[in-house]
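> dropping the sequence and predicted coords here.
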Number of protein chains: 8
Amino acid sequence: MRETLAALAAGEISIATAEARLAGYATGEAGRFDAARETRSGVPEAVFAEGKTTDEIHELLDLALETTGRGLATRIDDDTATTVRDRFVDDRPTAEIDHEARANVLRVRTADFEPPVLEATIGIVTAGTVDAGPAGEAAAVVGEMGATVERYDDVGVAGVHRLFDELDELRGTDVLVVAAGREGALPTVIAGLVDVPVIALPTASGYGYGGEGEAALAGALQSCTALTTVNVDAGFVAGAQAGLIARALDGARK
Amino acid sequence: MRETLAALAAGEISIATAEARLAGYATGEAGRFDAARETRSGVPEAVFAEGKTTDEIHELLDLALETTGRGLATRIDDDTATTVRDRFVDDRPTAEIDHEARANVLRVRTADFEPPVLEATIGIVTAGTVDAGPAGEAAAVVGEMGATVERYDDVGVAGVHRLFDELDELRGTDVLVVAAGREGALPTVIAGLVDVPVIALPTASGYGYGGEGEAALAGALQSCTALTTVNVDAGFVAGAQAGLIARALDGARK
Amino acid sequence: MRETLAALAAGEISIATAEARLAGYATGEAGRFDAARETRSGVPEAVFAEGKTTDEIHELLDLALETTGRGLATRIDDDTATTVRDRFVDDRPTAEIDHEARANVLRVRTADFEPPVLEATIGIVTAGTVDAGPAGEAAAVVGEMGATVERYDDVGVAGVHRLFDELDELRGTDVLVVAAGREGALPTVIAGLVDVPVIALPTASGYGYGGEGEAALAGALQSCTALTTVNVDAGFVAGAQAGLIARALDGARK
Amino acid sequence: MRETLAALAAGEISIATAEARLAGYATGEAGRFDAARETRSGVPEAVFAEGKTTDEIHELLDLALETTGRGLATRIDDDTATTVRDRFVDDRPTAEIDHEARANVLRVRTADFEPPVLEATIGIVTAGTVDAGPAGEAAAVVGEMGATVERYDDVGVAGVHRLFDELDELRGTDVLVVAAGREGALPTVIAGLVDVPVIALPTASGYGYGGEGEAALAGALQSCTALTTVNVDAGFVAGAQAGLIARALDGARK
Amino acid sequence: MRETLAALAAGEISIATAEARLAGYATGEAGRFDAARETRSGVPEAVFAEGKTTDEIHELLDLALETTGRGLATRIDDDTATTVRDRFVDDRPTAEIDHEARANVLRVRTADFEPPVLEATIGIVTAGTVDAGPAGEAAAVVGEMGATVERYDDVGVAGVHRLFDELDELRGTDVLVVAAGREGALPTVIAGLVDVPVIALPTASGYGYGGEGEAALAGALQSCTALTTVNVDAGFVAGAQAGLIARALDGARK
Amino acid sequence: MRETLAALAAGEISIATAEARLAGYATGEAGRFDAARETRSGVPEAVFAEGKTTDEIHELLDLALETTGRGLATRIDDDTATTVRDRFVDDRPTAEIDHEARANVLRVRTADFEPPVLEATIGIVTAGTVDAGPAGEAAAVVGEMGATVERYDDVGVAGVHRLFDELDELRGTDVLVVAAGREGALPTVIAGLVDVPVIALPTASGYGYGGEGEAALAGALQSCTALTTVNVDAGFVAGAQAGLIARALDGARK
Amino acid sequence: MRETLAALAAGEISIATAEARLAGYATGEAGRFDAARETRSGVPEAVFAEGKTTDEIHELLDLALETTGRGLATRIDDDTATTVRDRFVDDRPTAEIDHEARANVLRVRTADFEPPVLEATIGIVTAGTVDAGPAGEAAAVVGEMGATVERYDDVGVAGVHRLFDELDELRGTDVLVVAAGREGALPTVIAGLVDVPVIALPTASGYGYGGEGEAALAGALQSCTALTTVNVDAGFVAGAQAGLIARALDGARK
Amino acid sequence: MRETLAALAAGEISIATAEARLAGYATGEAGRFDAARETRSGVPEAVFAEGKTTDEIHELLDLALETTGRGLATRIDDDTATTVRDRFVDDRPTAEIDHEARANVLRVRTADFEPPVLEATIGIVTAGTVDAGPAGEAAAVVGEMGATVERYDDVGVAGVHRLFDELDELRGTDVLVVAAGREGALPTVIAGLVDVPVIALPTASGYGYGGEGEAALAGALQSCTALTTVNVDAGFVAGAQAGLIARALDGARK
């Protein structure tokens, strides 16, 4: 603790960094950033952009960058992402910035941040084009946690025979995140054919009764195979859980 | 009309028969029996036994027998079925009686009733053992309407590869009724692989959230393939609709 | 297969066409187009425009045109339809383009496409003006599959006596698709009077409790007559199921 | 007030009667009986038997009898009704007792009670046999209020043409209470054809999705005609509202 | 009929008028106008403006004007109302036009239309400011049917003692329509104190759980007093039912 | 701690008492008893009897008695209560046992237990007879915490004028718990007239839509006055919260 | 009363003030302002701005100011607040105006208004940044009622260990209002650790199933600790109830 | 294949064994037993006893025993379990039988069955006594798959401080299954403190709104930490998913 205080007194670290080292979080106008989350629970803290102002997102990402060397914002629309990116380009010219529009994700990293590398592969499967957003969010957090991502897109059950072409590959992953909307049959069909853990990621595609993802969610919860699920469109959570399993496997393999 | 009245006056026909010929229905203590339903809408009238007393069921079946030559009761439990059967054995010794316990169906026919025969085949598929009740109800009404029934039982999606062994047979039917509970993925998977009309029959198996058949129903309504559905456990309706298509095909073939 | 590859090598067919012939689908930026769907399941693949960008819709329709000779987009708003239409006018001047605004449907066909013709008639009934959209979607897919469409509009139950004027015509069709919102009584009333299969198409008109089409859907599922239903506003599905029955009848008649 | 107190002091009236005259209610072990309800709100107080013990029902009916000259219990099962009836036969041999089993209603009256007579006719219509309970409850309260009851039973929409035979009679009533379960289309169909007020009485027949009367209730609330509704199986409320209209008409006619 | 045809041939009446006289409805681009509705079911046909284009609303009102002498549009926003009003000012300068903005209602009448007059008074009560819209819609249809309207505004239960000041007046009406949102206690409290029929009109004020009017609707359906209800915000239906009772009373009084 | 261990070693206290003193809870076959709950959160721990066996209830009450001098079981049916009571009569003849059947509550106390006394009064109001169970549960916990309970029973809103007779008394309490089922208007009406905190206790009386207490709960949540609520039939929680306020007042008064 | 009338006649008070003194409310175009609410039920009347026009809000605040010396508007967006504020600056230059943007609250006070002061402290806790709005609304009403507010922000359960740092402070308050969205675990966790009354304030953060605050509300209703709850985002109600308890404590302390 | 057929012909294996080797499943009266499930998807097939007759359960367990060396029945009540156990004692005296009443699980194994052993530890946590059933079901399948089970019972959040005593142990497991009913806060609290994957197992304890486990399920889906969930009471699924992760870790460790 003394060391941290000395560094702060010497002006070597910012107040936010000092606070984060001592209390596990850093406080700004926009609230607390949980800098110790990754150490404590294995998942890097992310900024849920929906419902936050551009200022708040920028400040929280900045706190994240300063205290952990990187920052991740999810559910960020294109305009906000561009504004935030521009500010970082101005303020922190050495930072690496990456905006993945389809997944609504924005990532920043300091130049000297060393990303983790896990010896594990997460397969991310989508049933249709519309599932790309949540699946991308899942892929982003998996990538951030250091595991390898394999994508299998547009593997719908409307022609289930085509699934068999990719079955060997699916069986070769360590964990599968399967994103599907409408009736959400894909996670069930896949979980019946592979022996790796499957995490269902129901998406809010569809219309009419059950069209906000409730049908896909109910399908995952009632699945006659063994799989777990996350909430509708909860790509971050699905990816984080897959990442935690990857971490455990990485530990066992090394 | 005069003829009917003359026959009644001569004691050749009962009051119920006369009323049915003139008004299209016969009236008893237990309510009206819609004797003209089959002629008008193509589906034989059935007695929904749930919530009716043994007396009411017996009287309505008797009216049915008298006015149309046959009677069908659905949702009838074993004890009630036995009681009703025994009464018919006593009262109408020449009638044929058939009790299908698993489907909760009781059928009576006069000795000279000539059942219809349709040149069409309805495939009835179940995902698991628990779907036997509603599927049996569907089969009963299809049989009553004269079409051929083919059964494909226990074809769950927990091992979807096995479905392919029976795919050619499924494709060879005229209509498919697919009964499934839990997440209800089977109708969707099948409808994506065949070019005959598929009618989903969601069943109330399962537990927890969506366990009363809502998940399976929502899955049918949100299916990414083209199928229609009936209510949870509505075997009669699924069978009747399949039978109407069979009737149309029979008309076209003959 | 060799033939296809030779044609590709010779530049006679595009990559998309070659892929579709070999794998059953064609892949673009916007995802896979299921070119084999019609052969496999009897229903032409359609592009669900809602939630897709103009680029994605255009690309998928183009893939459809190239691999199957035609393309169908549903749930497409007027502005998007106009943009897509204009692109086709520029790129593929010989293609036939048809935009049906009320039904939110856009159709393209190559000049030499030979549409199927089925010997069967589908009646499409609406209860009120507001049901025109989903009913039009159903009519579009029925037409695409080759059956004759007869429309019966504004046949509400608020004055049920008028229904009888059209009863004979309704009885003369092969299948009826009945679109109704609010309390959705029309499919039930019709199904009690005709002996052809009735498919209910609940629509999202109404307000307050049950106003998003749930009341009409519940009414179809609880109907005291024998009918099947599709989800709220699922015009495509209702039309496709009607088309499959038409196909079967056409086969039996020819 | 003095008069009441004098009568009590003289032993001419019971404590309960005195309390009812002064406070508008009488109090027993089982709670308060609202003796002034009829005067205040035009509807006689009834004992809702469901969930009450035999003792409580008996005591409340006795309070009713003593303070208003009559008592009405609804939702009373056969066994309880028999027990309560027997007690009255013993305790108050001059009281008239009437148990209507199908409607689950028990009525008691003192020998000198003069029932009200209203110059108005309420038509009570049922769609099927299973609606007899709630319809009977409605009829009981209408009768208790003094209006004439006309019953039209088993008038389902599965054969809507038969409704027209009775249309003139229906139009001749002052108010219609229409009980229907399943999809509950009947109140809507009737309200579109008559110009008297229609009160829908949804019933809890049916099964699966919406089978506890929710579909019928939603149908009444979404009706494309002008009708009001009561809760599922709320026969008492439907009858009471019809009775209030009858009272108003009676006042206008006399 | 001959007369009508002669008048049409002579150019004395329009096609629409002739069709309305013969078939009971008039047909335009926007659908059928049910001109016979008032005669048949006692309630004037109204144009539900929500979801219709300005052209459609104008055309249907014009058909109404031509065939019945008046027209009523409900759920019409200010801009649309102004546009439609302007067209009528241009096209039919002698017509009377009335736009009630708070109630979202537009009324047109021909110069020689003689409005009905009923000897009956409908009280329309609101719990708060936000209930003015649906209550105004109810008042409009009541007025259109010819009854006298008395308004009692802002009579909330948050200070129930104030209700007693107006109790005598409320008791003096023939029917009460009580509009209330939030917990919807007002209809229940009033119905317990008056002996005229009460129609609850739940409104969609409120927020959070039950805030779209479900709480108020549930409160009306579960009311421990005797009242009937309409759907959330269904001012037209509440007013029409009140108007039908007023018609009956008027008949009895005259 | 040493003291506790010495007492245990000397056989002066039981293992359960020692564990409770050290860890704050005592462990039996049936689970842990949270003996420190009262100290920590101000509310005595109670045994929720529903779903537990007689053995489990008895053991947990015994642990409670041993570690805190008293025990409280809620939701206990008559038969179970009798059995448990009998065991205590045998095993711990000096204990005081109290079974309140209507409230489904069983209380045991050691002979030397000194009950707390709070200088505060909680009014507990019921709308009808059927609310007695949950209200009694609330009264039991309030009494257990030491506050004075005043009961106001059968104060329904069907005749709201009678409420005014008791208004002064209601205003004189410190907190009001208002139990009501059906439409649950009573808590709202009372909270609009008094300036003490009101806690709504919705009860599961009623039938049909919203009849499991949802209507009453929604009414409390949407109330246009300021009150808080607990879950349906959660008498214990309502009483405990009222007791916590009483504790605070008691502290302020002493 | 005479005094009030004399003052009005003399022009010393406005009509609104006279009406408020005599009737307890003042009436404007926008409805009634319940000036006696604070006296009667202990909570100052507030203007719920959502769904009201700027004119209505301004008028009601003005009535409030005139009759009670202050006015409070909740759920007011920034633009409306600015407009209303500007009008007051013009019209009533001596009034104090306060706009708290994050809480969507606008307050006005006359120069000589003497705010109440209560000897009690309300702790207001938020789980995350997004809960600031409802929590601020609660704080505003608490402040208006005169109690001291202590804020504890961003105390999420994602790192529950940090809660212990603030536990002593939380235990030192008189009442706690705990605002939380998502799964809403925070009120339960806190209520298990403190012995002051806890009021849960569920907020509408989150997404997918239960994301409109239903999960947080259900969590509060099902809490295994003793707490009461208000509706989703009902900051005013939570604050008012806390204020009422503060008033009671203040009375006991003084 | 030839080998299998030879063995069958030689009477060395039963028909069921032969069928299972060739087709992957064995067929009996009660349906198919999916003998290849464990090989294909890593999870041993189990018999879901609820809704099956004793005969069906016995036959399916017998098929399981014969084809895979063991059998597992879940959701089996005590009486059924005893009957089935007795049959096995008679028929297959060498089989090991184990009935775990609290978990409603019955297990049979042939004498020479060699259970799998996985180098991995699954922690199974319960919030209260009532969660023992689903947790036991989870433990049974984990045990069957070969992983070590550690139990942590009665760790409720009503006193969250006690959780910290066991935190180090919880962190030392490989996967955590956390069973909780009521508000279901426990999985969230734990997942915020550990870095191993957490699987929530919501249970159907509780009462009133959300009391069938919906509140706990919604809490898991909305959790502000990273966890996945299964359906209410789906102990088998939670255990199977935990077992699949254990299998993967075992593979990585060996």
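Looks like it came in fine.
> CA only for contacts and neighbour counts going forward, please
Fine.
> chain G contacts on the stretch 151-254 of chain A?
A:204, A:212-214, A:231-234 (C-alpha under 8 Å from any C-alpha of the partner chain).
> same thing but 10 Å
By C-alpha under 10 Å from any C-alpha of the partner chain, the residues of the stretch 151-254 of chain A that approach chain G are A:202-204, A:212-214, A:217, A:230-234.
> could I get the full set of strands for the stretch 1-150 of chain A?
Using DSSP state E, counting those that start in this stretch, the strands found in the stretch 1-150 of chain A span residues A:26-28, A:31-33, A:47-48, A:70-74, A:96-100, A:105-109, A:121-126, A:148-152.
> for the helix or strand following the last one, packing partners?
The C-terminal neighbour of strand A:148-152 among helices and strands, as given by DSSP states H and E, is helix A:167-171. In terms of contact count using 3 or more C-alpha pairs under 10 Å, 6 or more residues apart in numbering or on different chains; DSSP states H and E, helix A:167-171 is assigned the packing partners strand A:121-126, strand A:148-152, helix A:186-191.
> how many residues are close by residue A:56?
Residues contacting residue A:56 under the criterion other C-alpha atoms under 10 Å in any protein chain shown number 18.
> now residue A:195: how far from chain C?
27 Å (C-alpha to the nearest C-alpha, to the nearest Å).
> what secondary structure does that residue sit in?
Following DSSP: H, G, I helix; E, B strand; the rest coil, residue A:195 is assigned to coil.
> for the stretch 51-200 of chain A, what lies in contact range of chain C?
A:128-130, A:153-156, A:158-159, A:162.
> and residue A:52, what is it in contact with?
A:30, A:58, A:76, G:129-130 (C-alpha atoms under 10 Å, 6 or more residues apart in numbering or on different chains).
> name the helices or strands packed onto the helix or strand encompassing residue A:216?
Per DSSP H and E, residue A:216 falls inside helix A:214-221. In terms of contacts (3+ C-alpha pairs under 10 Å, 6+ apart), helix A:214-221 is packed against strand A:175-180, helix A:186-191, strand A:198-202, strand A:228-229, helix B:214-221.
> can you list the buried residues in that helix?
Under the neighbour-count criterion of 16 or more other C-alpha atoms under 10 Å in any protein chain shown, helix A:214-221 has A:214-221 buried.
> quick check: chain neighbours aside, which residue is closest to the closest residue to chain F within the stretch 51-200 of chain A?
Among all residues of the stretch 51-200 of chain A, residue A:51 sits closest to chain F, at 24.9 Å; criterion: C-alpha to the nearest C-alpha. Once flanking residues are discounted, residue A:51 sits nearest to residue G:130: 7.5 Å by C-alpha to C-alpha, 6 or more residues apart in numbering or on different chains.
> residue G:233 is in contact with that neighbour, correct?
No: counting by C-alpha atoms under 10 Å, residue G:130 does not reach residue G:233; the two are 11.0 Å apart.
> mutual contacts of the two, please.
G:179-181, G:203-205.
> turn those residues into a markdown table, columns for neighbour count and pLDDT.
Listed next are the shared contacts of residue G:130 and residue G:233 as a markdown table, based on neighbours: other C-alpha atoms under 10 Å in any protein chain shown; pLDDT from 0 to 100:
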| residue | neighbour count | pLDDT |
| --- | --- | --- |
| G:179 | 35 | 98 |
| G:180 | 36 | 97 |
| G:181 | 31 | 95 |
| G:203 | 33 | 97 |
| G:204 | 23 | 94 |
| G:205 | 25 | 86 |
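> distance to chain F for those - can I get that in a markdown table?
Below are the shared contacts of residue G:130 and residue G:233 laid out as a markdown table (distance: C-alpha to the nearest C-alpha, whole Å):
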| residue | distance to chain F |
| --- | --- |
| G:179 | 14 |
| G:180 | 16 |
| G:181 | 16 |
| G:203 | 13 |
| G:204 | 14 |
| G:205 | 18 |
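> filter these by proximity to chain A?
Answer for the shared contacts of residue G:130 and residue G:233 near chain A (C-alpha under 10 Å from any C-alpha): residue G:205.
> nearest to chain E among the shared contacts of residue G:130 and residue G:233?
residue G:204 (7.9 Å).
> about what we covered before: among the residues of the stretch 51-200 of chain A next to chain C, which pair sits farthest apart?
Pairwise distances across these (C-alpha to C-alpha) peak at 19.1 Å, for the pair A:130 and A:162.
> neighbour-wise, which of these two wins?
residue A:130 (22 against 15).
> how close does the more buried one sit to residue C:53?
11 Å (C-alpha to C-alpha, to the nearest Å).
> between the two, which contacts overlap?
residue C:30.
> OK, contacts around the residue of chain A found nearest chain F?
Per C-alpha to the nearest C-alpha, residue A:209 is where chain A lies closest to chain F, at 19.6 Å. If you count contacts by C-alpha under 10 Å, 6+ apart, residue A:209 has them with A:215, B:217-219, B:221-222, C:212-214, C:217, C:231-233.
> closest residue of chain A to chain D?
For chain A, C-alpha to the nearest C-alpha, closest residue to chain D: residue A:209, 11.8 Å.
> if I've got this straight, that residue is in a helix?
No: counting by three-state DSSP, residue A:209 is not part of a helix but coil.
> how many other residues sit next to the residue nearest to residue A:99 when sequence neighbours are not counted?
If the residues on either side of it in the chain are set aside, residue A:99 comes closest to residue A:106, at 4.5 Å by C-alpha to C-alpha, 6+ apart. When neighbours are defined as other C-alpha under 10 Å, residue A:106 has 27 of them.
> residue A:106: what's it in contact with?
Counting by C-alpha under 10 Å, 6+ apart, the residues that residue A:106 touches are A:47, A:49, A:61, A:71-78, A:80-82, A:84-85, A:97-100, A:140.
> quick check: residues of chain A near chain F?
Near chain F, when you scan chain A using C-alpha under 10 Å from any C-alpha, you find nothing.
> in chain A, which residue sits closest to chain G?
Using C-alpha to the nearest C-alpha, the single residue of chain A nearest to chain G is residue A:232, 4.8 Å away.
> just the buried members of the contacts of residue A:106?
A:47, A:49, A:61, A:71-78, A:80-81, A:84-85, A:97, A:99-100, A:140.
> domains in chain A, by residue range?
A:9-109, A:121-253 (automatic domain parsing).
> how close does the single nearest residue of the stretch 1-150 of chain A relative to chain C get to residue A:102?
Proximity to chain C, evaluated over the stretch 1-150 of chain A using C-alpha to the nearest C-alpha, is greatest for residue A:129 at 5.8 Å. In this view, residue A:129 and residue A:102 are 11 Å apart by C-alpha to C-alpha.
> repeat that for residue A:182.
For residue A:182, the distance to residue A:102 - C-alpha to C-alpha - is 20 Å.
> neighbour count winner among the two?
Shown here are residue A:182 and residue A:102; by other C-alpha under 10 Å, residue A:182 has more neighbours (29 against 14).
> quick one: contacts for the residue of chain A closest to chain G?
Taking C-alpha under 10 Å, 6+ apart as the contact definition, residue A:232 lies against A:134, A:179-181, A:200-205, A:212-217, G:207-211, H:221-222.
> what of residue A:25?
Contacts of residue A:25 (C-alpha under 10 Å, 6+ apart): A:16-19, A:31-37, A:63-64, A:67, G:162.
> swap in 6 Å and give it another go.
Residues near residue A:25 by C-alpha atoms under 6 Å, 6 or more residues apart in numbering or on different chains: A:33-35.
> swap in residue A:194?
A:171, H:41.
> do you know how far it is from residue H:247?
Taken as C-alpha to C-alpha, the span from residue A:194 to residue H:247 is 13 Å.
> now swap in residue A:221 and tell me
Residue A:221 is 23 Å from residue H:247, by C-alpha to C-alpha.
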